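Visitor: Pasting the sequence and the predicted coordinates here, then a few questions.
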Amino acid sequence: MDNDKLFERLQKANPKIDLKIGDDKVFEYERISFGVPKLDKLVGGGIPKKRFSMLYGATNVGKSFLASQLVANVQKDGGSAVWIDTEQSFDPIWNEKNGVDTSKIIVLQPANGEEGLNLTSSALKEGVDIVVIDSFAGLVPAAVQDEEFGYNPMAWQARFLNSALPKLLTHLKHGSALVAINQLRSSVGRVTYNNMPGGIGQQFYTHLQLEIRRSGWIEEGKDKIGFEMEIRLKKTKQGGDDWDSIILPYKVGGGIDLIEVTINEALEKGLIKQSGAWYTYNEERIQGKNRVRQYFVDNPDMYEQLTKGVKDDLLS
């Protein structure tokens, strides 16, 4: 049957349903950059709008930091952001340090899970550029919140989230990127395994999942000054390198060291040549990697040129 005639017949038979052809512009979407070319490439160009993405991992591995980078880049482009702070931990000073303009972000510290999800729903309907829930683990329904401390009915959080998520996803069509942070917990029993508060059902609703781990420490002498942040793409319906992973240097107090990331990428791509302890970029020959880093700090025009070369190579 001719496709146009089929479309007309289906639409006529279902006048209240808004049918679309597959190449309709309504299915197009934009992406939000992390500001790290290597990470953007992993996820197919950035976190997608009109989609639900999840950042999850153990404690203190940089989940909220990555979410703050998305917010900062949205704001650089003049966009809007809402942060649902279920953990009551939003820190303006820390977020400002990460590049977030705290005078232009709406923050809610909900009294219960329903309050948090109601604002999430409203923000999605308004087409806010990015809505961050930090975190799913802190979404406690009023029925549990109002009981005594020992009250713990079976699977209460999984039931709560699994009934809410399908409703939220219908509002993504307005253009928002919904980004949820979640934790990893160890199960109780003879065989232990990691699971997330809210159960496995939530994973079926996500369009993109990133697992964040700490794979090693960065040390100066005897002092730990940071860690190697391993980011693995565990699920994607929006492009990217599924099940691939990258490692980024994260320094406490300084975040992801973009200069070091760029230098490492340039070495892999052959844009910077290494021979023993000597490094060559263009006609400049420098001894020691720390001095190479300092060279790009002192010569921002050269660093900009190197960054462009790395980005062009990643996109090619």
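Guide: Sure thing, it's come through. Values in this document were obtained by computation on a predicted structure and should not be read as measured data. Numbering: from 1, shown residues only.

Visitor: got the CA positions of the host helix or strand of residue 94 in PDB?
Guide: Assessed by DSSP states H and E, residue 94 sits inside helix 92-97. Presented in PDB, the C-alpha positions along helix 92-97 are these (Å, rounded to 0.1, in the frame of the first residue of the first chain):
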ATOM      1  CA  PRO A  92      26.800  27.700  45.500                       C
ATOM      2  CA  ILE A  93      30.500  28.200  46.100                       C
ATOM      3  CA  TRP A  94      31.400  24.800  44.700                       C
ATOM      4  CA  ASN A  95      29.100  25.200  41.700                       C
ATOM      5  CA  GLU A  96      30.500  28.700  40.900                       C
ATOM      6  CA  LYS A  97      34.000  27.100  41.000                       C
END
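
Visitor: How about residues contacting it?
Guide: 68, 71, 102, 105 (C-beta atoms under 8 Å, 6 or more residues apart in numbering). No exception for glycine: its C-beta is placed from N, CA and C like everyone else's.

Visitor: how about the nearest residue to the second one, chain neighbours excluded?
Guide: What that stands for is residue 71. residue 81 (4.6 Å; C-beta to C-beta, 6 or more residues apart in numbering).

Visitor: How about the third one?
Guide: Across the structure, with C-beta to C-beta, 6+ apart as the measure, the residue nearest residue 102 apart from its sequence neighbours is residue 92 (4.5 Å).

Visitor: again, but for residue 185
Guide: Closest to residue 185 by C-beta to C-beta, 6+ apart is residue 195, at 6.0 Å.

Visitor: For that neighbour, give me phi and psi.
Guide: Per-residue torsions, residue 195: phi -140, psi 170 (degrees, to the nearest 10).

Visitor: Which elements pack onto the top helix by length along the chain?
Guide: Longest helix of the chain, by residue count under DSSP state H: helix 300-315. Applying 3 or more C-beta pairs under 8 Å, 6 or more residues apart in numbering; DSSP states H and E, one finds that helix 300-315 makes contact with helix 37-42, helix 258-269, helix 289-298.

Visitor: Run the chain-centre distance for it.
Guide: 23 Å (C-alpha atoms, centre = their mean, to the nearest Å).

Visitor: Extract the CA atoms of that helix and return them as PDB.
Guide: In PDB, the C-alpha atoms belonging to helix 300-315 read as follows (Å, rounded to 0.1, in the frame of the first residue of the first chain):
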ATOM      1  CA  PRO A 300      47.000  30.200  25.200                       C
ATOM      2  CA  ASP A 301      47.100  30.800  21.500                       C
ATOM      3  CA  MET A 302      49.100  27.600  21.000                       C
ATOM      4  CA  TYR A 303      46.800  25.700  23.300                       C
ATOM      5  CA  GLU A 304      43.800  27.000  21.300                       C
ATOM      6  CA  GLN A 305      45.500  25.800  18.100                       C
ATOM      7  CA  LEU A 306      46.200  22.400  19.700                       C
ATOM      8  CA  THR A 307      42.600  22.000  21.000                       C
ATOM      9  CA  LYS A 308      41.200  22.800  17.500                       C
ATOM     10  CA  GLY A 309      43.500  20.200  16.000                       C
ATOM     11  CA  VAL A 310      42.300  17.500  18.600                       C
ATOM     12  CA  LYS A 311      38.700  18.400  18.000                       C
ATOM     13  CA  ASP A 312      39.000  18.200  14.200                       C
ATOM     14  CA  ASP A 313      40.700  14.900  14.500                       C
ATOM     15  CA  LEU A 314      38.000  13.500  16.800                       C
ATOM     16  CA  LEU A 315      35.300  14.600  14.500                       C
END
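
Visitor: Having no further points to raise, I will conclude here.
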